[in-house]
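Q: Quick one: sequence plus predicted model below, questions after.
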Amino acid sequence: MAIAGTDRDAYYADSQASTQKDATEWIKQGRQLWQKKDISGAISAYQQASNLEPKNSRI
């Protein structure tokens, strides 16, 4: 049983790392769009990041 729990924990850790990476990419894209004066595009990118990490107050 301990092995299965360890595998499951590793799976969730990998899943969270993937979500973090995706949210970070959306934030970077939002920043780039904001700098290009594409405000609506930037807002959309930040909303995507927020959907992936709703508890992240830095978004």
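A: Yep, that arrived.

Q: Show the subsequent helix or strand relative to the helix or strand of the chain with the lowest mean pLDDT.
A: Ranking every helix and strand in the chain by mean pLDDT, DSSP states H and E puts helix 2-35 at the bottom, with a mean of 73. Sequence-wise, the next helix or strand downstream of helix 2-35 (DSSP states H and E) is helix 39-52.

Q: what's next to that next one, contact-wise?
A: 19, 22-24, 26-27, 29-31, 33-34, 56, 59 (CB atoms under 8 Å, 6 or more residues apart in numbering). For glycine as for every other residue, the C-beta is placed from the backbone atoms N, C-alpha and C.

Q: Please export the C-alpha coordinates of it as PDB.
A: In PDB, the C-alpha atoms belonging to helix 39-52 read as follows (Å, rounded to 0.1, in the frame of the first residue of the first chain):
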ATOM      1  CA  ILE A  39      -5.000  45.100 -22.900                       C
ATOM      2  CA  SER A  40      -7.900  42.800 -23.700                       C
ATOM      3  CA  GLY A  41      -5.500  40.000 -24.700                       C
ATOM      4  CA  ALA A  42      -3.500  40.500 -21.600                       C
ATOM      5  CA  ILE A  43      -6.600  40.300 -19.400                       C
ATOM      6  CA  SER A  44      -7.600  37.100 -21.200                       C
ATOM      7  CA  ALA A  45      -4.200  35.600 -20.500                       C
ATOM      8  CA  TYR A  46      -4.300  36.600 -16.900                       C
ATOM      9  CA  GLN A  47      -7.800  35.100 -16.600                       C
ATOM     10  CA  GLN A  48      -6.400  31.800 -18.000                       C
ATOM     11  CA  ALA A  49      -3.700  31.800 -15.400                       C
ATOM     12  CA  SER A  50      -6.200  32.600 -12.700                       C
ATOM     13  CA  ASN A  51      -8.400  29.700 -13.800                       C
ATOM     14  CA  LEU A  52      -5.400  27.300 -13.400                       C
END
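
Q: Pull out the buried residues from it.
A: 42, 45-46, 48-50, 52 (16 or more other CB atoms under 10 Å).
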